[in-house]
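**Q** with the input below, show me the fold.
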Amino acid sequence: MADPVKVLLVDDHQVVRRGLRTFLEVQDDIEVVGEAGNGEEGVARAQELRPDVVLLDIRMPGSDGIEALRRLRALGNPARVLVVTSFTERRTVVPALRAGAAGYLYKDVDPDALAAAIRSVHAGQTVLQPEVAEALLSQEQGAGEGRSAALTEREREVLDLIADGRSNREIARSLFLSEKTVKTHVSNILMKLDVADRTQAALWAVRHDLS
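**A** Numbering: from 1, shown residues only. From the prediction side, this is the model:
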């Protein structure tokens, strides 16, 4: 049996953390390894505990979720971050995704869907609540069309597989390419789309209906 997905809960409301822990602890393949009440504490705990997935609220006293995301990325922490928040404004969603969030869900998400989202982001996929995806699809559509036109046909194929959560090795096997060639395509895609990493490229593909 595979090791359980190690999860860190970061939310300033103890009742929320308790509810999440109660539900997640009955999942055979998910283990809650710790909790934190704000972004600064969350970063420290993530560095200490090295979780696979961090469930992160956005609005918290002191250091908020956006700052925590930036700090984790600056520190090179490998944890995948799934934002779970009650804030639905696009002005909150976009900075979180740009800061490196692997997914964005609202706190009214169905518990089973939350567990499935944790497994998905741990597997390298990107998870957006439908309402979030719809909000993002309406943003920068013109710019998106221009950038997608700059991609070659092969780069579009690679981007489609990135959006499916495939690794470079899996992409290479699927397209009968070497891993070195795939890495070159990925670098070109990130440059042309003006995004920082694979997660943001996948989100871009979802936003512009290329996946």
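**Q** C-alpha only now, for contacts and for neighbours.
**A** Will do.
**Q** I figured K107 hits V83, correct?
**A** No - the criterion here is CA atoms under 8 Å, and K107 misses it with V83 at 9.4 Å.
**Q** between those two, which has more neighbouring residues?
**A** V83 (27 against 16; other CA atoms under 10 Å).
**Q** so how far is E153 from that one?
**A** 33 Å (CA to CA, to the nearest Å).
**Q** over to H185?
**A** 11 Å.
**Q** with neighbour numbers in mind, choose between these two.
**A** Higher neighbour count among H185 and E153: H185, with 20 against 10, using other CA under 10 Å.
**Q** tell me the contacts of the more buried one?
**A** 155, 158 (CA atoms under 8 Å, 6 or more residues apart in numbering).
**Q** can you do 6 Å?
**A** H185 is in contact with E155, counting by CA atoms under 6 Å, 6 or more residues apart in numbering.
**Q** ok, it to E155 distance?
**A** H185 is 6 Å from E155, where distance means CA to CA.
**Q** repeat that for D12.
**A** 42 Å.
**Q** ditto for I189
**A** From I189 to E155 the distance is 7 Å (CA to CA).
**Q** who has more neighbours, those two?
**A** Higher neighbour count among I189 and E155: I189, with 24 against 19, using other CA under 10 Å.
**Q** per-residue confidence for the more buried one?
**A** pLDDT, I189: 90.
**Q** low-scoring stretches of this protein, by residue?
**A** The chain contains residues with pLDDT under 70 at 1, 88-91, 131-149, 208-211.
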